[in-house]
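Participant: requesting a structural model of the entry that follows:
(2 chains)
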Amino acid sequence: MEIAKSSKKKTQWKRASLPYFYLLPAFLVMGVITFYPLIYQLIISFTNFESKDLLLGLKSPDLQFIGFKNYVDIFTAALPVENFNFFRVLEFNFWWALSNVMLHVPAGVLIATLLNTEGLWLKRIYRAIYILPVVVPPLVVATVWTNIFDERYGAMNQLLTSIGTYFGNTAPVYIRWFEDVKPPIPGFLPGAPLTLAYYAMMVANFWLGWPFMSVVATGALQSIPRDLYEAASIDGATGTQQFWGITVPLLRPAMIPAAVYGFTLSFNLFNFVFFMTGGGPARSTELLVTFAYNLVRNLRWYGVAAAFAVIIFVVALIVFLITNRITRATQNYQEA
Amino acid sequence: MASVTYKNVVKKFGDLTIIKNLNIAVEDKEFLVLVGPSGCGKTTALRLLAGLEEITDGEIIIGDRVVNDVAPKDRDIAMVFQSYALYPHLSVYDNMAFGLKLRKTPKDEIKRRVDEAAEILGITDLLQRKPRQLSGGQRQRVAVGRAIVREPKVFLFDEPLSNLDAKLRVQMRAEISKLHQRLQTTFIYVTHDQTEAMTMATRIAVINKGNLQQLDTPQNLYDSPNNLFVAGFIGSPAMNFFPAKIAVNGDKVIVDTGDFQVQIPASHTAPYKGLNGHSVIFGIRPENIHDPEFAPQNINGVSVSSKVDVTELMGNETLLYLVSGKNTFVGRVDPRSKLRVGNTTQVIFDMDKIHIFDANTEEAIR
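Facilitator: This is a model prediction of the structure:
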């Protein structure tokens, strides 16, 4: 009896442990490339880790545990870095992501709706064209747009010049898009001045961002039954009323996850921002990720950078939890 | 409340002519059913009336107004779609109120009308639900309710029952008929189901290949179909047809199918006297074919020799699938019939109930 029981226990244990055995290789790989660096980073975020400590790591004789000093320095803007204020960067970062999504989603929906018109010529070609920005590497996009906003030779200033000429102003326009630190609309975002560079980036990122929303909206539009519009037209809805009364609410289940995705993408849009403005002028377009990169790459303050990365992790986690909740709250109408 | 007139209506999609010169006059408060096989143009005819398709030629008149260029919303019609077309994001109440809200109807008036319609349809408990929380039959009612609250002059129904199961369909059929009596409004109803048409309509328009075949009351359509198509389409099981030739011999008129000959009763022979040798289609409905043992006494019966191929016992009747030479046909006989598969028998044709069609024009000869 005893023996039977113990052998039964044994098989049970075997059975329960089997899945972990299968998962072991994955855990090993993740342990080496994910968890170990994560913990290492957490440890050095409490130290004054610098370039000279790189060789010996935690065994370096100069390494000192300084508690929460790095965190405090970041939050109180006590770092010896010009124009750095954590909360301003955080606020700008949120606003940057939010303002992008607020433009991309409506524009994407509107363009998708217009291109969804029945009997429109070359519809497929338009749809193929607006996929293009999605597949061009961001570095290329950033370079092209940086040139467009060039002070002397950029297309944007030339365009503004010719518009000016049309209204009788012959003087060439030389707007210093990426250098001017004076916000064109002071006080637009309290606490974080939005320089011309922000607006230039918004224009460029708009070009990059709306096509994705349009692709999603185009797909969702196909799933709205045509007879809903017919029923609405008999009910007395005009085209605009049909758009607001049917198209918009029925696109919502598809567009909210897309908007959430767009938000997180813009929130961490490192390469685009880094190559266009480098966070300037005067760190006015710095994102959390670009600043973290600066801390490591240019200043080589590994301890501070580690603390900063931990903070970004917490921020990202909060953003993730909120967006995840939003996405889950929007279920499809058709689902029972 | 209004009459509806299709006057020389033509509808083409590109080179394809869907409706060829349609003329129908629907009277006020009538329940007209447009019936025909799928692809015959009946739904297009309805959509033209609703304004969802543009008319190629002719006129559609609602009341005394030509509505060719009037927008759907201004035609004073309401339509119930096959798919129900309920707004999935709105509650039942808001679905029904949608049209009224757009027309800036006062709030308490909207509430009164929606509550009243919900009462009629028995969906008062469902007003706060979303369409996805409803069963097919309930959605159907909401779709009808959305039409009722608008208080239109004409109700249009586009195959509204085809997505329901058989039992519910029968129930909703009766309810729509009741609704028609209660609302006293013009109903125009499209279906491919001749049973639906027969049970609900005050008049039926049978359409085939874009042409109106016959427009008449259900009973007249059944008893005296104008042509072969109507004869075959109305009635289930369908009328039996036999290719035949007319043989006139003095006062006698014989229909010769090659396998059997039947004599037309003297009282009906007049239209056929001059048609000696003419090719015709001889038609008789299954219920006018009797088992000799149970044939009514007072009919003008003629015996036809045939063999039983298949029997279908329905309880209240028995369907016999019979073979006579190269012809097969169906008889709907008394359930007490003892005829079984393989039996040879002399079934009785009730010759007062026969139909003769011209084999070329397919028009009835009478």
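
Participant: tell me the confidence at residue 297?
Facilitator: Went with chain A since none was named. Residue A:297 carries a pLDDT score of 83 in this model.

Participant: chain B is the one I meant
Facilitator: Looking at residue B:297, the pLDDT reads 87.

Participant: run a quick neighbour tally on it.
Facilitator: 5 (other CB atoms under 10 Å in any protein chain shown). The way it works is simple: take the backbone N, C-alpha and C, and place the C-beta from them, glycine included.

Participant: helix, strand or coil for it?
Facilitator: Here residue B:297 is coil, with the state taken from DSSP: H, G, I helix; E, B strand; the rest coil.

Participant: for residue A:109, see how far away it is.
Facilitator: From residue B:297 over to residue A:109 the distance is 77 Å, taken as CB to CB, to the nearest Å.

Participant: same deal with residue B:249?
Facilitator: Separation of residue B:249 from residue A:109 (CB to CB) stands at 80 Å.

Participant: repeat that for residue B:260.
Facilitator: According to CB to CB, residue B:260 stands 72 Å off from residue A:109.

Participant: and if you look at residue B:269?
Facilitator: Distance, residue B:269 to residue A:109, by CB to CB: 74 Å.

Participant: between those two, which is the more surrounded one?
Facilitator: Set side by side, residue B:269 and residue A:109 show unequal neighbour counts under other CB under 10 Å, the larger going to residue A:109 at 26 against 15.

Participant: surely the more buried one touches residue A:252?
Facilitator: No: in terms of CB atoms under 8 Å, residue A:109 does not count as a neighbour of residue A:252; the distance is 9.8 Å.

Participant: is stretch B:76-90 positioned near chain A?
Facilitator: Yes: judged by CB under 8 Å from any CB of the partner chain, stretch B:76-90 comes into contact with chain A through B:77, B:78, B:79, B:81, B:83, B:85, B:87, B:88, B:89.

Participant: show me the shaky parts of the chain.
Facilitator: Unless you meant another one, I'm taking chain A. Within chain A, the stretches with pLDDT under 70 are A:1-5, A:329-336.

Participant: ah, no, chain B please
Facilitator: Applying pLDDT under 70 to the predicted model, the residue ranges of chain B that meet it are B:1.

Participant: the longest helix in it is where?
Facilitator: helix B:166-183 (DSSP state H).

Participant: which helix or strand contains residue A:208?
Facilitator: Here residue A:208, judged by DSSP states H and E, is contained in helix A:196-222.

Participant: so what secondary structure elements neighbour the helix or strand following that helix?
Facilitator: Using DSSP H and E, the next helix or strand after helix A:196-222 towards the C-terminus is helix A:226-235. Packing contacts for helix A:226-235, counted by 3 or more CB pairs under 8 Å, 6 or more residues apart in numbering or on different chains; DSSP states H and E, involve helix A:239-242, strand B:77-80, helix B:92-102.

Participant: ok, residue A:36 - how many residues close by?
Facilitator: Using other CB under 10 Å as the criterion, residue A:36 is surrounded by 11 other residues.

Participant: how about it, phi and psi?
Facilitator: For residue A:36, the backbone dihedrals are phi -60, psi -50 (criterion: degrees, to the nearest 10).

Participant: distance of it from chain B?
Facilitator: Using CB to the nearest CB, to the nearest Å, one obtains 48 Å as the distance from residue A:36 to chain B.

Participant: quick one: residues contacting that residue.
Facilitator: Residue A:36 makes contact with no residue under the criterion CB atoms under 8 Å, 6 or more residues apart in numbering or on different chains.

Participant: swap in 10 Å and give it another go.
Facilitator: When the contact criterion is CB atoms under 10 Å, 6 or more residues apart in numbering or on different chains, the partners of residue A:36 are residue A:30.

Participant: and what of residue B:252?
Facilitator: Residue B:252 makes contacts with B:263, B:264, B:266, B:269, as judged by CB under 10 Å, 6+ apart.

Participant: can you give me the distance of it to chain A?
Facilitator: Using CB to the nearest CB, which is the criterion applied here, residue B:252 is 59 Å from chain A.

Participant: on the strand side of things, show who that residue bridges to.
Facilitator: Beta bridges link residue B:252 to residue B:249 when assigned by DSSP bridges.

Participant: that one and residue B:261: what is the separation?
Facilitator: Note on residue B:252: its distance to residue B:261, by CB to CB, is 10 Å.

Participant: sec struct for the closest residue to chain B within the stretch 1-150 of chain A, please.
Facilitator: Closest approach of the stretch 1-150 of chain A to chain B (CB to the nearest CB) occurs at residue A:119, with a separation of 12.0 Å. Classification of residue A:119 by three-state DSSP places it in coil.

Participant: counting neighbours, what do you get for the residue lying closest to residue B:337 once chain neighbours are set aside?
Facilitator: Closest residue to residue B:337 in three dimensions, ignoring its sequence neighbours and counting by CB to CB, 6 or more residues apart in numbering or on different chains: residue B:291, at 4.1 Å. Neighbours of residue B:291 under the rule other CB under 10 Å: 20.

Participant: what sits against residue B:291?
Facilitator: Residue B:291 sits next to B:318, B:320, B:331, B:333-339, B:345-348 when contact means CB under 10 Å, 6+ apart.

Participant: what's the answer for residue B:95, then?
Facilitator: The contact partners of residue B:95, by CB under 10 Å, 6+ apart, come to A:231, A:235, B:84-89, B:114, B:127, B:130-131, B:139, B:142-143, B:145-146, B:149.

Participant: again, only using 8 Å
Facilitator: B:86, B:87, B:131, B:142, B:146.

Participant: from memory the last one sits against residue B:99, does it?
Facilitator: Yes: counting by CB under 8 Å, residue B:146 touches residue B:99, with 7.0 Å between them.

Participant: what sits in contact with each of the two?
Facilitator: A:235, B:78.

Participant: who has more neighbours, those two?
Facilitator: Here residue B:146 and residue B:99 are compared on neighbour count by other CB under 10 Å; more neighbours surround residue B:146, at 29 against 23.

Participant: write out the residues of the stretch 201-336 of chain A neighbouring chain B.
Facilitator: Along the stretch 201-336 of chain A, the residues adjacent to chain B under the rule CB under 8 Å from any CB are A:225, A:227-228, A:230-237, A:241, A:245-246, A:249-250, A:252, A:333-336.

Participant: do that again at 10 Å, thanks
Facilitator: With CB under 10 Å from any CB of the partner chain as the criterion, the stretch 201-336 of chain A meets chain B at residues A:224-238, A:241, A:245-246, A:248-250, A:252-253, A:332-336.

Participant: what about residue 131, how many neighbours?
Facilitator: All of this is about chain A. Around residue A:131 sit 12 other residues, with neighbours defined as other CB under 10 Å.

Participant: please refer instead to chain B.
Facilitator: 22.

Participant: cool, residue A:197 as well?
Facilitator: Counted by other CB under 10 Å, the residues lying close to residue A:197 total 25.
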